[in-house]
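S.K.: Whatever this is, show me its structure:
(2 chains)
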Amino acid sequence: MSERLVTNRLATEGHASQGLASEIPVGEMPMNEKPASEKPVSERDVVLQAEHVKKYFPVRGLLGNVVGNVKAVDDVSVTLYRGETYGLVGESGCGKSTLGRTLIKLLDATAGRIVINGIDITKISQREMRTTMRKKVQMIFQDPYTSLNPRMRIGEILTEALVIQNVGKPSERMDMVIDMLDKVGLRIEHYYRFPHELSGGQRQRVGFARAVILNPDIVICDEPVSALDVSVRSQIINLLLDMQEARGLTYLFISHDMSVIRYISHRTGVMYLGHIVEEAITDELFADPRHPYTQVLLSAVPSPDPHIKKNRIILEGDLPSPLNPPPGCVFHTRCPGAMPVCKEAYPPEIQVSPSHKVACHRYA
Amino acid sequence: MELQMEQMNEIKRALQREQRQLMLRKFFRNKLAVIGSSIVLTLVLVAIFADVIAPQDPLDMVVRDRLTPPGSKYLFGADTFGRDVLSRVIHGARVSMLVGTCVGLSSMVFGMLIGLYACYYSFLDNVLMRICDGLSAIPSTLLAIALMAVLGSTATNVIVAMSIVYVPRMARVSRAAAMVVKEQTYIEAMRATGASDSRIIWRHIAPNILSPVIVQASYNFANSIITEAALSFLGVGIPVPQPSWGNILNEGKSVITTGWWLIVFPGAATALAVLGLNILGDGLRDMLDPHTN
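M.R.: Next up is the predicted model:
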């Protein structure tokens, strides 16, 4: 494990000048060791299991009657194992953030079961969720500029989390916060600073500290590095990895950046229009993408070497509206290899290998 | 280890000390806040110590001296009954400041309460805001007169009536501001942390809507002094002979051509209070905003 971190760190720092992960060609990316997911399934410790989760947003007409549903998440099943990073990738509007929020009950699921640590959170009330589960599932957000209350000092922001969850005695909290600041690479004098006095990277560290100070099992990372510039990105990613190592955290890492996903996650799910269309161990997914959409995504990853000629697959058209998704396979309207059957039936989930699933008629 | 702990505590104490000094310095460097608060503080002190400061009894009539212009005997002149205008203005500060403060504060508290809950709970939104719309559809002075007619003219009822008049505006201002704040990511972050609704509303949304609310509150304070004056002027406000800036003006209106001092001095006092309050409001807004240093 420690070896993995060292190699990762060297790799990022070495490439920092040329712009870190997102510009490193996929083939040269440092390989992560995948301890959690390479164990046999029976030995893995499931922290979160979601089955057939749906999240529909009703669209109301003039009279307040429901005239349709935006199917942001449509029948998604996903399992998170303790200590792993699950990457969730897809273009904007595909429902990845909605899925992340639904999994921790920031949004109520329309249908399905979400079991965290043995408790089905779709069955409990928001109040129960607050008092019993919130401590265990935390979230870090994309925009470090709006995710911190501008009127509170950094110390107050972190203390607030402890107060809300009633962690520690009031007299100890300041020390806990200072200790946490130190762990995320901030200093004691940041305690009395306001968020606007910090840089984007420092703010994201605060956001991360707020999530981790409660000692959660799962952290939903909603594009935590997308708003940061590339030089800061590597620092935050390394911080995430260090903290995972130290505390055995489980991450659901949402991103639209294939390179970051490849760098950080053990397993990866590809999302398109509310469905997870392919899921595999990250290396397997990148080496052998099966779903045509995954292939398109991978072909779009930029390469820093202009001499490498790539066969880029260009997608026609836009993402169809989730209000009125196409029948059959949701991807058939843009799929380069669509077949007649694709228009009629949603493809079954096919197990390509024990750790690789794809939903496509081609492999049926 | 022991030493380290001590050093840490030393650093913590030093930082806390520094913070207190910074807040004080921030206040004194803010000219608006200093000027505004000294004007308001002076007026409040005048109101509190009116009995001591006033040279004469404000109700004491000396008919011989009626309509004496400002001079050595009566600094601000005497009114139609020969009462000392200076003493009446000083005692009038009592009523006006009391009415202004109470109306300003109560409209702020209730307005924020309505605005915040309407914003946070959509089922309350329509009910509360439509009631506010209904109230603001009636011209405010007319509404105040009607309420006074129903409640009867006492100082307390003036405060109640005017609070009812000003609450809808404050509710609308705070709801609009809260709508913006509610959508910010840090509110969602607090939900993810497990904060209760009331904690989110009062600890995370409320402080972030203070800027427009304080501006509106100082405006309400100033306006309520003027409306109180208008009510007294119309004879439905503070009952005579108790002086308020408004009813001094009211009595002066009939002799405006011969006794200008009956209009100018209470008018100037009202203007000063309103000015001081507005300056203080702006200063407070700047001071509470962490972005200004």
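S.K.: Low-confidence bits of the chain, can you list those?
M.R.: No chain in the question, so chain A it is. Along chain A, the parts satisfying pLDDT under 70 run over A:1-43, A:309-310.
S.K.: wrong one, chain B
M.R.: B:1-4, B:292-293.
S.K.: near chain A, which residues of it show up?
M.R.: B:8, B:11-12, B:15, B:18-19, B:184-186, B:188-196, B:199, B:203-204, B:207-208, B:288, B:290-291 (C-beta under 8 Å from any C-beta of the partner chain). All C-beta spots, glycine's among them, are computed from the backbone N, C-alpha and C.
S.K.: helix/strand/coil for the residue nearest to residue B:78 when sequence neighbours are not counted?
M.R.: Among residues not flanking residue B:78 along the chain, residue B:68 sits closest, at 4.3 Å (C-beta to C-beta, 6 or more residues apart in numbering or on different chains). For residue B:68, the assignment made with DSSP: H, G, I helix; E, B strand; the rest coil gives coil.
S.K.: hang on, residue A:139 in a helix?
M.R.: No: going by three-state DSSP, the assignment for residue A:139 is strand, not a helix.
S.K.: Tell me which residues touch it, please.
M.R.: By C-beta atoms under 8 Å, 6 or more residues apart in numbering or on different chains, the contact set of residue A:139 is A:100, A:101, A:104, A:106, A:211, A:219, A:220, A:221, A:222, B:189, B:192.
S.K.: just checking, which of those residues belong to strands?
M.R.: Under the assignment DSSP state E, the contacts of residue A:139 contribute A:219, A:220, A:221, A:222 to strands.
S.K.: which one among these gets closest to chain B?
M.R.: Top of the list for closeness to chain B, among the ones in strands among the contacts of residue A:139 and by C-beta to the nearest C-beta, is residue A:220 at 8.2 Å.
S.K.: related to what we said a few turns ago, in CSV, list the contacts of residue A:139 along with neighbour count and distance to residue B:36.
M.R.: Shown next, in CSV, are these (neighbours: other C-beta atoms under 10 Å in any protein chain shown; distance: C-beta to C-beta, whole Å):
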residue, neighbour count, distance to residue B:36
A:100, 21, 48
A:101, 22, 45
A:104, 25, 46
A:106, 19, 43
A:211, 26, 42
A:219, 24, 47
A:220, 28, 46
A:221, 28, 46
A:222, 22, 44
B:189, 26, 35
B:192, 24, 40
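S.K.: Residue in chain A with the shortest distance to chain B?
M.R.: Closest point on chain A to chain B, by C-beta to the nearest C-beta, is residue A:134, at 3.1 Å.
S.K.: That residue: neighbour count?
M.R.: 25 (other C-beta atoms under 10 Å in any protein chain shown).
S.K.: Spatially nearest residue to it (excluding sequence neighbours)?
M.R.: residue B:194 (3.1 Å).
S.K.: Next, the contact list for the closest residue to chain A within the stretch 51-200 of chain B, please.
M.R.: Nearest residue of the stretch 51-200 of chain B to chain A (C-beta to the nearest C-beta) works out as residue B:194 at 3.1 Å. Counting by C-beta under 8 Å, 6+ apart, residue B:194 touches A:129, A:130, A:131, A:134, A:135, A:164, A:165.
S.K.: now with 10 Å?
M.R.: Neighbouring residues of residue B:194 by C-beta atoms under 10 Å, 6 or more residues apart in numbering or on different chains: A:126-127, A:129-138, A:161, A:164-166, A:214.
S.K.: In helices, which of those residues fall?
M.R.: A:126, A:127, A:161, A:164 (DSSP state H).
S.K.: Tell me, how many residues neighbour the nearest residue to the last one once chain neighbours are set aside?
M.R.: Okay, so that is residue A:164. Once flanking residues are discounted, residue A:164 sits nearest to residue B:195: 4.9 Å by C-beta to C-beta, 6+ apart. Neighbour count of residue B:195, defined by other C-beta under 10 Å: 22.
S.K.: Hmm, residue A:133 and residue A:106 touching each other?
M.R.: No: using C-beta atoms under 10 Å, residue A:106 is not in contact with residue A:133, being 11.6 Å away.
S.K.: Quickly find the element holding the spatially most central residue of chain B.
M.R.: The residue lying closest to the centre of chain B (C-alpha atoms, centre = their mean) is residue B:221, at 2.9 Å. Assigned by DSSP states H and E, residue B:221 belongs to helix B:210-234.
S.K.: by contact count, what packs against that helix?
M.R.: Helices and strands touching helix B:210-234, by 3 or more C-beta pairs under 10 Å, 6 or more residues apart in numbering or on different chains; DSSP states H and E, are helix B:31-48, helix B:85-120, helix B:140-151, helix B:155-182, helix B:245-252, helix B:261-288.
S.K.: and it with helix B:261-288, angle?
M.R.: Put simply, helix B:210-234 runs at 170 degrees to helix B:261-288, going by axes from the mean of the first three to the mean of the last three C-alpha atoms, to 10 degrees.
S.K.: Run the chain-centre distance for helix B:210-234.
M.R.: 6 Å (C-alpha atoms, centre = their mean, to the nearest Å).
S.K.: Stretch B:225-244 too?
M.R.: Worked out by C-alpha atoms, centre = their mean, stretch B:225-244 lies 17 Å from the chain centre.
S.K.: got the buried residues for that stretch?
M.R.: For stretch B:225-244, a neighbour-count test (16 or more other C-beta atoms under 10 Å in any protein chain shown) marks B:225-233, B:236-238, B:242-244 as buried.
S.K.: coming back round to it: how close does the residue nearest to residue A:134 get to residue A:225?
M.R.: 25 Å (C-beta to C-beta, to the nearest Å).
S.K.: Next: residue B:283.
M.R.: In terms of C-beta to C-beta, residue B:283 sits 41 Å off from residue A:225.
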